[in-house]
Structures are given as C-alpha cells and as structure tokens.
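Asker: Show me how the following folds:
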Amino acid sequence: MSGHIDAVLGMQWGDEGKGRIVDWYARDYDVVARFGGGDNAGHRIEVGEQKLALRLVPSAALNPSVELFVGSGCVVNLEGALEELARLSEVGVDIERVRFSDRAHIVLPDHALLDRASEHARGGAPIGTTGRGIGPTYADRVSRVGIPLGQTLDERTFRNALRAIRSVHERALQDPSVLPDFAEMEERMLAAAARLRTAIVDGVGYIHARLAAGKRILAEGAQGTLLDISFGSYPYVTSSQCTAGGICTGLGVGPSAIGRVIGIYKAYTTRVGSGPFPSELLDAEGDRLRDAGREFGTVTGRPRRCGWFDAVAARYAAALNGTHAVALTKLDVLSGFERVGIVTGYRLGEREATLAEAMHPDFRAEVEFLDGWAEDIGGARRPADLPMNARRYIARLESLVGLPIELFSVGPEREALIKA
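Answerer: Below is the predicted model of the structure:
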C-alpha cells in the first residue's frame with residue numbers, strides 16, 4: 001500500500017493563517033511535515049484555552065496522534081528549536097513525536113549578524129527580513145559551505161565544519177571582529193546539537209518509509225507563494241521555495257507523490273516589509289483592517305501593510321501550486337465595512353499588466369466593490385448563519401479565483417472554522 005502527500009500552502013505574502021488551518025486538517029493525517037523555511041515563520045493555533053505560536057515545529061502539535069517532521073528543505077536554529085520543544089513539553093505536548101531531517105541545515109549565531117549586515121548594506125531599500133539569519137543560511141547552503149544537521153552527529157566532524165564556516169564568514173565581513181566569539185559559539189552549538197541528537201533522522205528514509213506504509217502525510221508550507229524565491233515578487237522575497245514544487249525538493253519525493261493542494265487566502269491581503277503590493281490601502285480603511293485583524297507579525301511584532309483581496313495575485317498563486325480548493329481566513333475582520341473591495345485587474349497604461357510589473361510608476365490596480373455587512377459574524381457556525389452579503393462576497397471570490405472555498409474562518413479558535 002502506498003501513501004500520499006497533501007499540502008496546505010499560503011497563497012499570498014504569508015500570514016494567511018496557515019497554522020490554524022493545518023491544525024484543523026491534521027486530524028485526518030498521520031504525519032505533518034514542514035518542507036521549507038525556518039523559525040522566521042510564526043504559525044498560531046488556538047484550541048479552547050490553549051494558544052500556541054509555533055515557529056519551526058509543524059502546526060499539528062495539539063493533535064496528539066500525529067507525527068511532526070521538520071524536512072530537509074528547512075533550516076534549523078539549534079537553540080531556538082530546543083526552546084520551542086521545551087515550551088511545547090511544558091504545555092503537555094509529547095515532543096518525542098518531533099523529528100528533524102539530517103539534511104536540514106543549521107542556522108548559526110553568525111547568520112543572524114550577517115542577515116542584519118545585509119539589510120543595512122541595502123540602505124534605503126531593505127528587503128524587510130526577520131533578521132533571524134534564514135537568508136544567509138540558505139546562501140551558505142547553495143555556496144556549499146553550510147552545515148547539515150547530519151554533520152552535528154559526530155563531534156569531530158561538527159567542530160571542523162564550524163571552523164570552516166567561520167572562516168568563510170570572516171572573509172565575508174569588512175570587520176570580522178563583530179562576529180560572536182568563536183570558542184563560546186562552538187561550545188554552545190556542540191551542547192545544543194548533543195541535546196537534539198536523538199530527534200535527528202535520515203530525512204529521505206523517514207518520508208519514504210511512511211509513504212510505503214500507506215501513511216497520510218500533510219505538507220505544511222511556510223511564508224507564502226508570493227514570497228517564493230523563484231516565483232514571488234523578487235527581490236522582495238524569502239530565501240526558500242514556498243510553492244507546491246518545494247514539497248518535492250524539501251521532503252525528497254517525486255511529483256507523483258503529491259495529491260491534493262489546499263490554498264489558504266486571507267479574506268483581504270497583507271504583507272510585511274518592502275515590495276510591491278497592488279491592493280494596499282494607505283488610508284483609514286487600511287488602518288481599520290490592521291486594527292480589526294490584529295495585523296502585527298508573530299515573530300517580529302511589525303505592523304503589516306493591509307489591502308483588499310487581490311484576485312489577480314490569487315489566480316497566479318493558484319496556478320503555480322496546482323491548487324484544488326481554498327481555505328479562507330479572517331472573514332470576520334471585514335464585518336462593519338460599508339463596502340468591500342476586490343482587485344480584479346492590473347493595468348499599465350492601456351494594456352493588461354502582470355504582478356512582475358507592479359513596481360512600474362504607471363502600474364495601477366482595478367478595484368471592484370461589493371456591499372459589505374454590518375453584522376458580527378464571529379458566532380456563525382454554519383454557512384447559513386452568515387449575512388447574505390458575506391455569502392455573496394465568498395461566491396464572488398470563488399468566481400474570480402476559479403476554485404471552491406471549502407473552509408472559512410470567522411474567528412481565531414478551532415471551532416470558528418466552518419465547512420462551506
């Protein structure tokens with residue numbers, strides 16, 4: 001019997017609410033696997049009185065029978081991972097269920113410093129990274145000087161790798177003295193690696209053994225499609241692959257293993273940091289969305305830029321991922337708006353434009369407005385509980401994106417998720 005891998009992926013610029021959607025779907029799976037990114041992610045879950053903000057561990061932590069896997073495409077801050085596991089253990093989560101691929105690369109204290117130095121060097125045009133060292137770690141991986149988790153299993157190998165990568169980092173900086181003291185860092189990393197050692201597995205073997213046993217695997221995306229290193233709004237992107245294609249390279253499977261893809265969209269759009277944002281609202285309505293939606297970064301605390309739902313970007317993301325259906329989050333945030341906007345087209349002069357042209361000074365977004373609804377929908381538990389205008393809004397999004405919305409949320413709690 002052969003298993004398969006379904007996926008839950010963000011379809012915007014991140015912050016779509018992936019954690020709670022993964023938590024909801026996870027009850028039907030045996031394994032939930034992160035395939036990319038690092039602890040720059042911030043996935044929130046609320047179940048009853050229990051509230052978690054997960055950065056690296058998959059978002060099925062509150063589903064007790066599900067295995068949790070951090071895949072080969074991820075990057076792992078050793079001390080950060082141990083801190084997160086300790087927090088989970090304190091609230092009763094069995095952390096023996098968590099496994100890390102030996103092919104995931106480690107994030108060192110050096111990397112965070114290099115990340116901040118890179119942002120500073122950009123002057124007035126920073127990317128807006130979290131500053132946690134994710135980009136430099138991926139850069140080292142591509143440059144073939146990074147350290148996979150598997151190398152931490154042997155102390156001599158790990159010490160040699162640390163010395164080698166420090167040499168690279170010293171050459172990369174004008175003032176190498178700003179790097180953390182090497183001897184102290186080395187001992188910290190050795191101690192952390194020793195504590196994490198029993199959770200490190202042959203990542204490829206792990207996934208393929210479970211597929212061969214007929215296990216149901218859910219791949220959890222981090223960040224969002226429009227932040228993908230290859231297909232996002234470059235250069236204002238993350239450093240990893242966020243699309244369905246990243247599942248293959250991040251877990252070590254062929255495309256035939258991928259089954260159903262669930263795309264997550266927020267009922268409006270947000271983005272953190274710099275870069276194009278066609279539907280952005282630089283007015284009182286944008287401020288209202290931010291306040292009502294509590295749009296501040298889970299990891300950084302930074303206020304998010306807010307705008308109407310962008311159907312053009314949504315269709316682009318859906319096509320990139322071969323998306324089958326949609327989970328729509330934060331519909332309740334739109335309550336009280338007299339009208340609700342949807343971006344339905346991009347124009348550059350008289351012609352149709354693409355998202356890649358969004359930084360052009362003559363670029364403009366075409367916005368369609370629907371009547372809003374005054375009712376508080378936070379207590380809705382069936383589609384029929386929604387006011388007619390909210391149902392019309394959902395139907396219009398389905399029409400514009402070309403996909404069914406099979407799940408939507410009217411609040412942060414697990415019970416506020418409604419099957420359409």
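Asker: tell me the mean pLDDT for the helix or strand hosting His208?
Answerer: Using DSSP states H and E, His208 maps to helix 203-212. If you average the pLDDT over helix 203-212, you get 97.
Asker: ditto for stretch 80-94
Answerer: 92.
Asker: before we move on, what about stretch 376-391?
Answerer: Here the average pLDDT along stretch 376-391 is 96.
Asker: what number of residues lie near the nearest residue to Ala353 once chain neighbours are set aside?
Answerer: Nearest residue to Ala353, sequence neighbours excluded (Cβ to Cβ, 6 or more residues apart in numbering): Tyr346, at 4.0 Å. For every residue, glycine as well, the C-beta is placed using N, CA and C. Here the count is done by other Cβ atoms under 10 Å, and Tyr346 has 21 residues near it.
Asker: Quick one: work out the angle between the next helix or strand after the helix holding His208 and helix 203-212.
Answerer: Using DSSP H and E, the next helix or strand after helix 203-212 towards the C-terminus is strand 216-220. Using axes from the mean of the first three to the mean of the last three Cα atoms, to 10 degrees, one finds that strand 216-220 and helix 203-212 are set 140 degrees apart in direction.
Asker: The helix or strand following strand 216-220 packs against which elements?
Answerer: Next along the chain after strand 216-220, taking DSSP H and E as the criterion, comes helix 245-251. On a contact count with 3 or more Cβ pairs under 8 Å, 6 or more residues apart in numbering; DSSP states H and E, helix 245-251 meets strand 4-10, strand 216-220.
Asker: quick one: which of these is nearest Asp30?
Answerer: The closest approach between Asp30 and any of the helices and strands packed on helix 245-251, judged by Cβ to Cβ, belongs to strand 216-220 at 5.0 Å.
Asker: what is the mean pLDDT for the closest one?
Answerer: Averaging pLDDT along strand 216-220 yields 97.
Asker: Ok, stretch 288-301 next?
Answerer: Per-residue pLDDT values over stretch 288-301 give a mean of 84.
Asker: how about that stretch: buried residues?
Answerer: Across stretch 288-301, burial judged by 16 or more other Cβ atoms under 10 Å covers 289-290, 292-293, 295, 297, 300.
Asker: Which segments of the chain make up each domain?
Answerer: If you go by automatic domain parsing, the domain ranges for the chain are 105-196, 264-419.
Asker: Turn these into TSV, columns for distance to Asp15.
Answerer: Shown next, in TSV, are those (distance: least, Cβ to Cβ, whole Å):
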stretch	distance to Asp15
domain 105-196	12
domain 264-419	5
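Asker: circling back: quick one, which of the helices and strands packed on helix 245-251 gets closest to Ile262.
Answerer: The nearest among the helices and strands packed on helix 245-251, by Cβ to Cβ, is strand 4-10 at 4.9 Å.
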